[in-house]
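*Asks:* predicted model and sequence below, questions to follow.
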Amino acid sequence: MKPRIIWLDDDINKASLLPTVALFKRRFEIIECENIDVFYNKSVALEWDAAIIDVVNEKAENADVFPALQYIATKFHDKLWFVFSGQEQITKKENDVKKALSGKAYERSYVSKTIYVKDEDEENLIKDISTAVSNKRKWQIESEYERVLSIAERRLADKNCRKDLLDILCAAAGIERLDSHLYYTRIRIILEWMFRAARNVGLLHDRCFDRQDHINLTDASLFMAGKPTLHSGVMCKVSHFPHLIARNVRSILEITGGASHTTEVDTKDNPNLLAYWSTIDTPYLLFSLTYMLCDVLIWFDSYVSEHSDISANKANWKTLIMAGRMNMDREDRYYVGDCYIPNWKAKYCKVGDNIEVTDVEETDPKLELPYPLTAKYIKSVR
């Protein structure tokens with residue numbers, strides 16, 4: 001991942017500077033700004049790691065350079081910036097610009113020269129930028145977690161996901177502070193956007209979403225784990241989630257459920273985060289869940305790459321039958337469609353009656369039954 005450099009120079013697109021720009025582009029991702037207004041806009045709208053500022057309009061009382069320097073020194077005081085000029089009256093002679101840059105207001109420990117000279121200091125400037133950026137801890141975190149951050153950016157439609165994930169990873173590394181209570185919800189939202197991406201390639205059933213496009217995250221996790229959903233009435237014939245990934249997803253959903261109000265959740269088994277924070281008010285649980293989420297996203301990226309055939313994925317969808325005539329199988333077990341009916345419930349009706357299963361639970365795997373669901377409540381349908 002190349003460092004991102006925002007470069008203010010009125011000659012940035014002129015032929016005279018093209019070889020220099022090309023040299024820098026070998027090492028950096030360049031954000032070009034040919035005037036200060038463009039610089040102001042891009043510096044706020046885009047992510048960048050360091051700035052290169054040309055001393056322009058010297059005859060016009062430094063109309064660009066001083067506002068640009070003051071702007072960075074105040075708004076981006078924690079950012080890296082370098083001055084790069086080709087004007088001899090600036091680089092070779094005593095002048096207000098050189099005097100200002102040598103003053104305490106613009107003191108920078110990471111520069112080897114207050115003004116780098118075009119056609120002389122290119123390699124020196126490239127080296128100093130590379131060293132300064134690599135020493136910035138946030139850049140190191142972005143580089144260390146580049147794989148998962150890239151997945152968040154490429155796979156998830158909400159571009160806040162990458163930023164929120166990076167915020168937590170930086171906090172875990174001790175270089176930023178955050179209100180950890182707020183980020184439990186954001187972890188959950190990142191997982192939600194992963195499920196939405198799964199729907200786009202047919203790995204998640206449309207019925208896990210309601211008419212307002214709200215997702216039932218519990219059902220989404222069950223579906224991708226190859227288990228019957230308890231509200232959506234569908235299941236997947238195969239398990240997309242490996243066992244440990246399924247456990248990680250379930251843990252994230254259960255723990256963060258109390259912190260989220262944006263999606264439908266089952267709350268009966270959710271831990272009480274408020275009670276937890278009242279006794280253990282640390283960010284470590286949040287960090288733990290975030291690392292789980294990183295593994296989930298890395299798995300998801302690989303899995304989607306290997307299972308990109310939407311039609312083939314949807315061929316594994318199954319609609320669960322939860323109504324019809326009650327039957328008895330060869331083992332004398334009562335059932336309706338995909339629902340096992342315990343004997344004590346079946347005594348209220350007889351084989352052949354039309355019934356509807358109104359509430360279900362997953363059938364205990366230890367019973368090794370061919371019915372994925374077990375009826376909790378049934379009613380007769382006349």
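*Replies:* Done, it's in.
*Asks:* how many residues are close by the closest residue to Phe209 other than its chain neighbours?
*Replies:* The shortest distance from Phe209 to any non-neighbouring residue, by Cβ to Cβ, 6 or more residues apart in numbering, is to Ile215 (5.3 Å). C-beta: built from backbone N, CA, C; applies to glycine. Look at Ile215: counted by other Cβ atoms under 10 Å, it has 20 neighbours.
*Asks:* kindly report the same for Trp193.
*Replies:* For Trp193, using other Cβ under 10 Å, the count is 18.
*Asks:* what of the one 5 residues further on?
*Replies:* Counted with other Cβ under 10 Å, residues neighbouring Ala198 total 23.
*Asks:* my guess is it contacts Leu204. True?
*Replies:* Yes. Look at Ala198 against Leu204 with Cβ atoms under 8 Å: they come within range, at 4.1 Å.
*Asks:* and the longest helix for the protein?
*Replies:* Determined from DSSP state H, the single longest helix within the chain is helix 284-306.
*Asks:* so after that one, what's the next helix or strand?
*Replies:* Using DSSP states H and E, the next helix or strand after helix 284-306 towards the C-terminus is helix 310-314.
*Asks:* chain center to that following helix, what's the gap?
*Replies:* Using Cα atoms, centre = their mean, to the nearest Å, the mean C-alpha position of helix 310-314 is found 25 Å from that of the whole chain.
*Asks:* how about that helix: buried residues?
*Replies:* Along helix 310-314, these residues count as buried under the neighbour rule (16 or more other Cβ atoms under 10 Å): Asn313.
*Asks:* do the same with stretch 345-365
*Replies:* Buried-residue list, stretch 345-365, by 16+ other Cβ under 10 Å: Lys345, Ala346, Cys349, Asp353, Ile355, Val357, Val360, Thr363.
*Asks:* where's Asp119, which helix or strand?
*Replies:* Using DSSP H and E, Asp119 is not contained in any helix or strand.
*Asks:* please enumerate the helices of the stretch 201-350 of the chain.
*Replies:* Here the stretch 201-350 of the chain has its helices, by DSSP state H, counting those that start in this stretch, at 217-224, 243-256, 273-279, 284-306, 310-314, 343-346.
*Asks:* re the thing from before, what touches both of Ala198 and Leu204?
*Replies:* Residues touching both Ala198 and Leu204 (Cβ atoms under 8 Å, 6 or more residues apart in numbering) are Ala220, Met224.
*Asks:* how confident is the prediction for Phe241, by pLDDT?
*Replies:* Phe241 carries a pLDDT value of 98.
*Asks:* apart from its chain neighbours, what residue comes closest to it?
*Replies:* Nearest non-adjacent residue to Phe241, counting by Cβ to Cβ, 6+ apart: Ala225, 4.5 Å away.
*Asks:* is it true that that neighbour touches Val238?
*Replies:* No. Assessed by Cβ under 8 Å, Ala225 is found out of contact with Val238, at 10.1 Å.
*Asks:* of the two, which one has the most company?
*Replies:* Ala225 (19 against 10).
*Asks:* other residues contacting the longest helix of the chain?
*Replies:* So helix 284-306 is contacted by 145, 147-148, 151-152, 154-155, 165, 168-169, 171-172, 180, 183-184, 187, 190-191, 194, 197-198, 201, 203, 240, 242, 245, 248-249, 251-252, 255-256, 276 (Cβ under 8 Å, 6+ apart).
*Asks:* now render the helices of the stretch 201-350 of the chain as a markdown table, adding distance to Gly337.
*Replies:* A markdown table is the format used below for these (distance: least, Cβ to Cβ, whole Å):
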| stretch | distance to Gly337 |
| --- | --- |
| helix 217-224 | 18 |
| helix 243-256 | 25 |
| helix 273-279 | 38 |
| helix 284-306 | 30 |
| helix 310-314 | 21 |
| helix 343-346 | 14 |
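*Asks:* out of these, which comes closest to Asp128?
*Replies:* For those, the distance to Asp128 is smallest for helix 284-306, at 32.6 Å, taking Cβ to Cβ.
*Asks:* quick check: buried residues in that closest one?
*Replies:* Quick answer for helix 284-306 (16+ other Cβ under 10 Å): 285-287, 289-290, 292-294, 296-297, 299-301, 303-304.
*Asks:* stretch 177-196 too?
*Replies:* 178, 180, 183-196.
*Asks:* ok, Ser143 touching Met1?
*Replies:* Yes. Between Ser143 and Met1 there is a contact under Cβ under 8 Å: 5.8 Å.
*Asks:* check the gap between Tyr184 and Tyr145 for me.
*Replies:* From Tyr184 across to Tyr145, the span is 19 Å (Cβ to Cβ, to the nearest Å).
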